[in-house]
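Visitor: starting from these lines, generate the structure:
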Amino acid sequence: MCVDTYALEAWMSANASSETDYYAASATRTVMQYLPQAYKDGSDLKAREEMGVAAHYGGIAFNKAGLGYVHAIAHQLGAFYGIPHGRANAIVLPHILEVNRKVSQHRLAALAKKVGILGAADTHAEDSELTDHLIAKVKALIASLNIDVTVKGIDPADFKKMAKAAAKEVSDTYAVPRYLTSAQIIDILNDIKAESDALPNKP
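Guide: Below you'll find the predicted structure:
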């Protein structure tokens, strides 16, 4: 899920431009269309080629516009619990989309229109509804890829250190649409723990 995370964080960045928007939207649209196909059939060369292009476009977008809290928190999940980076991004991404739902609503609604996930009637919906569509689509994509979103052994005793490190990474590096306190980051980590506790660990 790195590619989609790169694109979505670049799209929400305060440093986004018309150039990065083009690459971020193109990457997101391609991921939505071709990643499920590539996952289901690794011999589908067209799907894999399109995902290669999406990775390139996502890389351009985030190198110019920057990343955000998804990566900052995912880095902590990797450091503390050995979660592979792509899976860590998939774990955190829905939570940050929810956190940014209001502040990025107009931007996320515009992206929903660009990536081809809406029916004809939906394109005239309010921004809040379009944002709901996009976030639901991202969550459905993660579920369709059978990604394990649990964090085995996640420990609230680690959360203060994790939140402090994530907050520093963002404040030093990224132009996010909304800056979070350490307490707000801890709330996200608690949500991740609650989700982990509610789901069985996948083999």
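
Visitor: buried residues in the longest helix belonging to the chain?
Guide: Longest helix of the chain, by residue count under DSSP state H: helix 18-40. For helix 18-40, the neighbour count (16 or more other C-beta atoms under 10 Å) marks 20-21, 23-35, 38-39 as buried. The way it works is simple: take the backbone N, C-alpha and C, and place the C-beta from them, glycine included.

Visitor: list the contacts for His95?
Guide: Ile188, Asp191, Ile192 (C-beta atoms under 8 Å, 6 or more residues apart in numbering).

Visitor: okay, it: pLDDT?
Guide: At His95, the model reports a pLDDT of 97.

Visitor: which helix or strand contains it?
Guide: Here His95 sits within helix 85-99, counting by DSSP states H and E.

Visitor: give me the contacts around stretch 14-26.
Guide: Contacts of stretch 14-26 (C-beta under 8 Å, 6+ apart): 6-8, 10-11, 13, 54, 57-58, 60-61, 64-66, 107, 111, 114-115, 175-177.

Visitor: what ranges do the helices span in this structure?
Guide: Ranges of helices within the chain are 2-12, 18-40, 45-65, 69-81, 85-99, 105-114, 127-144, 159-173, 182-198, based on DSSP H.

Visitor: most tightly packed of those helices?
Guide: Among these, helix 2-12 has the highest mean neighbour count (mean count of other C-beta atoms under 10 Å), at a mean of 27.

Visitor: what mean pLDDT would you report for that helix?
Guide: 90.

Visitor: quick check: angle from it to helix 45-65?
Guide: 40 degrees (axes from the mean of the first three to the mean of the last three C-alpha atoms, to 10 degrees).

Visitor: remind me what helix 2-12 packs against, helices and strands.
Guide: helix 18-40, helix 45-65, helix 69-81, helix 85-99, helix 105-114, helix 127-144 (3 or more C-beta pairs under 8 Å, 6 or more residues apart in numbering; DSSP states H and E).

Visitor: so which of those helices comes closest to Pro200?
Guide: Of all these, helix 127-144 sits nearest to Pro200, with 14.3 Å by C-beta to C-beta.

Visitor: so where is the chain shaky, pLDDT-wise?
Guide: 1-3, 119-123, 201-203 (pLDDT under 70).

Visitor: the same query, at a cut-off of 90, please.
Guide: For the chain, residues meeting the criterion pLDDT under 90 lie at 1-4, 115-125, 198-203.

Visitor: what's the closest residue in space to Gln184 that isn't next to it in sequence in contact with, if anything?
Guide: Among residues not flanking Gln184 along the chain, Val99 sits closest, at 7.6 Å (C-beta to C-beta, 6 or more residues apart in numbering). Contacts for Val99 (C-beta under 8 Å, 6+ apart) come out as Tyr69, Arg178, Leu180, Gln184, Ile188.
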